[in-house]
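Colleague: I would like to see how this sequence folds:
(2 chains, ligands or ions: 3)
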Amino acid sequence: MAITLKIQRFLGEKKWEQEYRLEVETGMTVLGALIKIKETMDPTLTFTASCRSSICGACAVKVNDNAVLACETLLADLLKRYASDTLTIAPLGNFTVLRDLMVDWQPKYDRLKKIKPALQPKTEFSASEGCRQSKDEFKKYSKNSECILCGSCVSECNKSNLNSKDFLDPFIFSKAAKFVADSRDKDAVAHLEPAVKDGLWKCLNCQECAAKCPKGLSPAEDIEKMRIATFEKKMSSNEGSDHAMAFYDDVKELGRLDEAKLALKTEGLKSALRVPVAYRLMRSGKLNPLEQAKPIGDIEKVRAIMKAAKEKKL
Amino acid sequence: MRYALFPGCVLRGAASEAFLATVKVTEALGIDLVEIPEWTCCGASHMQDVDELTSLAINARNLAIAESMGLPVMTVCNTCTLQLRRAKAALDSDPELKAKVNEILAAGGYEYKGTSEVTHLLWVLASNPGLLDGKVAQPLNGLKVAGYYGCHLLRPPTVMNYEDALNPRSLEKIIGLLGAQAVDFDYKLKCCGFHAFWTAEKDVMQVTGKTVDNAAKAGADLLVTPCPLCQMQLDMYQPEGREAANSKAELPILHLPQLIGLALGMKKEELGIQRHISAVDKIRF
Ligand code: SF4
Ligand code: SF4
Ligand code: FES
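Modeller: Ligands and ions are numbered 1, 2, ... in the order given. Down below sits the predicted model:
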């Protein structure tokens, strides 16, 4: 079957889309198609790849606006998914493009360094004895070791799309979470602090990263875990942590959310400045500041459960 | 067809019009809903940031009550659906965790078994299109509708696995069955930002404005969403969104059951559409 690949090209200042028509062979991957184009049609087409076995992370590109590893993605599957004989291929989003499908990793490595991506062993460990930990302790972060730094998770990250200056890449949060969870590391806060400073509470929870990771990591969940750790380490609060705490407290007090007081609990007195919005909501009946929230009938049972959960931490 | 309804805080609070529309529409379609008694907040994707086990336990409690009713659970909110399904997936795949959570639940006299499935109104309708047969009294012919999915009904796909997260079709299917035309637009699967309203406000306002602008430029007369949180964000903050995104677009933003209600011949007042903030006058039914 003949298909059309519309590939985004970039050279210097020039950006254009180029169409290639080719025959899909059985078992042909996106990478297979790119190689075939380069070898038989257009030697100037530039892309990166190395292992061809989903290990090196070099080949991620966007197909129809969704990041995939080119070497493991079958064209036949994509044609079926999009019910079309035409696909668009573009470089990963939220990267600087060097040429065609090739992106610049150097700025990402510089950002990665911020969260101190190396184990700082506890003082009880030594070179001769090594750093021992139990199987259960290892399991807490082993998934995160599978990250191949392919960049798929940041490509469509909704927060990075809007502004990545105050927000680290999802895989960087996953990397930080790995060291926070590693029982051999002596200072979780050293990884947490830069994560908080660079956007830990700004994640939109859109779950794009989890949907795109070819290795099954969930940066979104890692962000949650680090948020929990900021409470455990008694790090100072902010609007994000106060907001999360407001939900916890409301469930304990009432079983449900007290919408009328949510803004106050989250933002403190600053919320009084939101008068125009509040007025708009009151006028349409969406917000009633005078409403007294009452606890649900079974609130004592809920409290008993919450108390039991607290005593039996994960 | 009978479900245990998990309305969630939003339907019982700021988006009570979505509750109203859900009740009216399900009644008209012959779907029987029984509200889960004494349900609690699902944690709204925030509570697990404080304590994962507590968040899991309170949702296991919600599910345990539905199980004792002998009914599958239906919600009308993306985030509620995710929170409940996430708890269910975690408990059903890990017997040790399930045992641990059941010890916690015992403090309140509950037991989680794993017998009730969790679904969303959109999925129920997309899987049972026959429910709409002969009910569309006022087909929405000529109406161009932007279907906006919202994140948590699609992602993470390991938990929200009703359809292909990268190319979902359920919403377009329902829009079509109502006689309207689904318009495709670039922001269809993006995030409205609701959950980061307090921490990334500038970004959130910008994406609110861009989403509405993008849907309007694609030719939509209105936008519909299966998530009341997306609805709130795109409706209530449209004025701020317009300013942030430098846009003039104004679109009505409807809850899914409201759009269905209109097609069933209900009036906009009956469906609480006048409670919305943005462009309600553009809805003429
Ligand atoms: S969940 Fe957070 S980190 Fe992941 S893609 Fe969305 S905004 Fe980015
Ligand atoms: S977390 Fe997953 S998607 Fe992100 S860089 Fe690592 S392997 Fe790639
Ligand atoms: S070429 Fe190495 S992951 Fe694809």
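Colleague: secondary structure class for residue B:101?
Modeller: Following DSSP: H, G, I helix; E, B strand; the rest coil, we place residue B:101 in the helix state.
Colleague: Then residue B:223?
Modeller: strand.
Colleague: now it: how far from chain A?
Modeller: Distance of residue B:223 to chain A, given as C-beta to the nearest C-beta, to the nearest Å: 17 Å. For the C-beta atoms, the positions are set from N, CA and C on the backbone; glycine is no exception.
Colleague: Not counting residues beside it along the chain, what's closest to that residue?
Modeller: Once flanking residues are discounted, residue B:223 sits nearest to residue B:146: 4.4 Å by C-beta to C-beta, 6 or more residues apart in numbering or on different chains.
Colleague: Would you check that that neighbour makes contact with residue B:224?
Modeller: Yes: counting by C-beta atoms under 8 Å, residue B:146 touches residue B:224, with 7.3 Å between them.
Colleague: Stretch B:245-255 spans what distance, first to last residue?
Modeller: For stretch B:245-255, the first-to-last residue distance is 23 Å (C-alpha to C-alpha, to the nearest Å).
Colleague: and that stretch, how far out from the chain's middle?
Modeller: Centre-to-centre, stretch B:245-255 and its host chain are 19 Å apart (C-alpha atoms, centre = their mean, to the nearest Å).
Colleague: Who are the contact partners of the residue nearest to residue B:139 when sequence neighbours are not counted?
Modeller: Using C-beta to C-beta, 6+ apart and skipping residues adjacent in sequence, the residue nearest residue B:139 is residue B:179, 2.9 Å away. By C-beta atoms under 8 Å, 6 or more residues apart in numbering or on different chains, the contact set of residue B:179 is B:136, B:139-141, B:143, B:263.
Colleague: May I ask which two of those are separated the most?
Modeller: Longest distance between any two of those is 12.4 Å, between B:136 and B:143; criterion C-beta to C-beta.
Colleague: so how far is residue B:77 from the residue of the stretch 151-285 of chain B found nearest ligand 2?
Modeller: Ligand 2 sits closest to residue B:156 of the stretch 151-285 of chain B, with a gap of 12.6 Å, by C-beta to the nearest ligand atom. Residue B:156 sits at a distance of 17 Å from residue B:77 (criterion: C-beta to C-beta, to the nearest Å).
Colleague: Which helix or strand lies directly C-terminal to the least confident helix or strand in chain A by mean pLDDT?
Modeller: Scoring the helices and strands of chain A by mean pLDDT, DSSP states H and E places helix A:275-283 at the bottom, with a mean of 65. Using DSSP states H and E, the helix or strand that follows helix A:275-283 in sequence is helix A:299-311.
Colleague: Dump that next one to CSV, keeping only the CA atoms.
Modeller: Listed in CSV are the C-alpha atoms of helix A:299-311, where the atom choice follows Å, rounded to 0.1, in the frame of the first residue of the first chain:
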residue,chain,number,x,y,z
ILE,A,299,-18.9,11.9,58.7
GLU,A,300,-17.8,10.0,61.8
LYS,A,301,-17.2,6.9,59.7
VAL,A,302,-15.3,8.9,57.2
ARG,A,303,-13.1,10.4,59.9
ALA,A,304,-12.5,6.9,61.4
ILE,A,305,-11.3,5.8,57.9
MET,A,306,-9.0,8.8,57.5
LYS,A,307,-7.6,8.3,60.9
ALA,A,308,-6.9,4.6,60.2
ALA,A,309,-5.3,5.5,56.9
LYS,A,310,-3.0,7.9,58.5
GLU,A,311,-1.9,5.3,61.0
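Colleague: which parts of it are buried?
Modeller: For helix A:299-311, burial by neighbour count (16 or more other C-beta atoms under 10 Å in any protein chain shown) applies to A:299, A:301-306, A:308-309.
Colleague: and which of these is nearest ligand 2?
Modeller: Nearest member of the buried residues of helix A:299-311 to ligand 2, counting by C-beta to the nearest ligand atom, is residue A:309, at 29.4 Å.
Colleague: hang on, that closest one packs against residue B:52?
Modeller: No: counting by C-beta under 8 Å, residue A:309 does not reach residue B:52; the two are 9.4 Å apart.
Colleague: all helices of the chain, in order?
Modeller: All of this refers to chain A. With DSSP state H as the criterion, chain A has helices at A:30-40, A:75-81, A:106-113, A:135-142, A:152-155, A:158-162, A:170-181, A:188-197, A:208-212, A:219-232, A:239-253, A:259-267, A:275-283, A:299-311.
Colleague: hm, I was asking about chain B
Modeller: Using DSSP H, the helices found in chain B span residues B:8-11, B:16-29, B:52-69, B:78-93, B:95-106, B:121-127, B:170-177, B:201-217, B:228-236, B:238-245, B:256-263.
Colleague: residues contacting residue A:305?
Modeller: B:57-58, B:61, B:104-105, B:107-108, B:110.
Colleague: try 7 Å this time
Modeller: B:57-58, B:61, B:104-105, B:107-108 (C-beta atoms under 7 Å, 6 or more residues apart in numbering or on different chains).
Colleague: Close to ligand 2: what parts of chain A are there?
Modeller: A:57, A:147-153, A:170-171, A:174, A:212-213, A:215, A:217, A:219 (C-beta under 6 Å from any ligand atom).
Colleague: Find the closest residue to ligand 3 in chain B.
Modeller: residue B:166 (19.1 Å).
Colleague: does the residue lying closest to that residue once chain neighbours are set aside have beta-bridge partners, and which?
Modeller: Among residues not flanking residue B:166 along the chain, residue A:66 sits closest, at 5.2 Å (C-beta to C-beta, 6+ apart). Counting by DSSP bridges, residue A:66 is bridged to residue A:63.
Colleague: contacting residues for residue A:66?
Modeller: Contacts for residue A:66 (C-beta under 7 Å, 6+ apart) come out as A:156, A:212, B:166.
Colleague: buried ones in the helix or strand of chain B with the lowest mean pLDDT?
Modeller: Here the helix or strand of chain B ranked lowest by mean pLDDT, DSSP H and E is helix B:8-11, holding a mean of 93. By neighbour count on 16+ other C-beta under 10 Å, the buried set for helix B:8-11 is B:8-11.
Colleague: Quick check: residue A:137 touching residue A:185?
Modeller: No: the criterion here is C-beta atoms under 7 Å, and residue A:137 misses it with residue A:185 at 10.9 Å.
Colleague: Tell me which of the helices of chain A lies nearest to ligand 3.
Modeller: Comparing these against ligand 3 with C-beta to the nearest ligand atom, the closest turns out to be helix A:30-40 (6.4 Å).
Colleague: which intervals of chain A have sub-threshold pLDDT?
Modeller: By pLDDT under 70, the low-scoring segments of chain A are A:264, A:267-292, A:314.
Colleague: what is in contact with residue B:136 and residue B:143 at once?
Modeller: With C-beta under 7 Å, 6+ apart as the test, residue B:136 and residue B:143 reach no residue in common.
Colleague: With neighbour numbers in mind, choose between those two.
Modeller: A count of neighbours by other C-beta atoms under 10 Å in any protein chain shown puts residue B:143 above the other of residue B:136 and residue B:143, at 19 against 15.
Colleague: Contact partners for that one?
Modeller: Contact partners of residue B:143, counting by C-beta under 7 Å, 6+ apart, are B:180-181, B:221.
Colleague: Can you say which of the buried residues of helix B:8-11 are also within reach of ligand 2?
Modeller: When those are filtered against ligand 2 using C-beta under 6 Å from any ligand atom, no residues are retained.
Colleague: near chain B, which residues of the stretch 51-200 of chain A?
Modeller: A:66, A:81-82, A:158-159, A:162-163 (C-beta under 7 Å from any C-beta of the partner chain).
Colleague: Is ligand 3 within reach of stretch A:52-69?
Modeller: Yes: counting by C-beta under 6 Å from any ligand atom, ligand 3 is contacted by stretch A:52-69 at A:52, A:54-59, A:69.
Colleague: pull the CA atoms of that stretch into CSV?
Modeller: Provided in CSV are the C-alpha atoms of stretch A:52-69 (Å, rounded to 0.1, in the frame of the first residue of the first chain):
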residue,chain,number,x,y,z
ARG,A,52,16.5,0.5,16.8
SER,A,53,15.3,-1.4,19.8
SER,A,54,13.5,1.2,22.0
ILE,A,55,16.5,1.5,24.3
CYS,A,56,18.5,4.6,23.4
GLY,A,57,15.7,7.1,23.2
ALA,A,58,17.2,8.9,20.2
CYS,A,59,14.4,8.4,17.7
ALA,A,60,11.3,10.1,19.2
VAL,A,61,9.3,12.2,16.8
LYS,A,62,5.8,13.5,16.6
VAL,A,63,3.4,11.6,14.3
ASN,A,64,0.0,13.4,13.8
ASP,A,65,1.0,15.6,16.8
ASN,A,66,1.7,12.8,19.2
ALA,A,67,5.2,11.7,20.3
VAL,A,68,6.2,8.1,19.5
LEU,A,69,9.5,6.2,19.3
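Colleague: Nice, that's everything, thank you.
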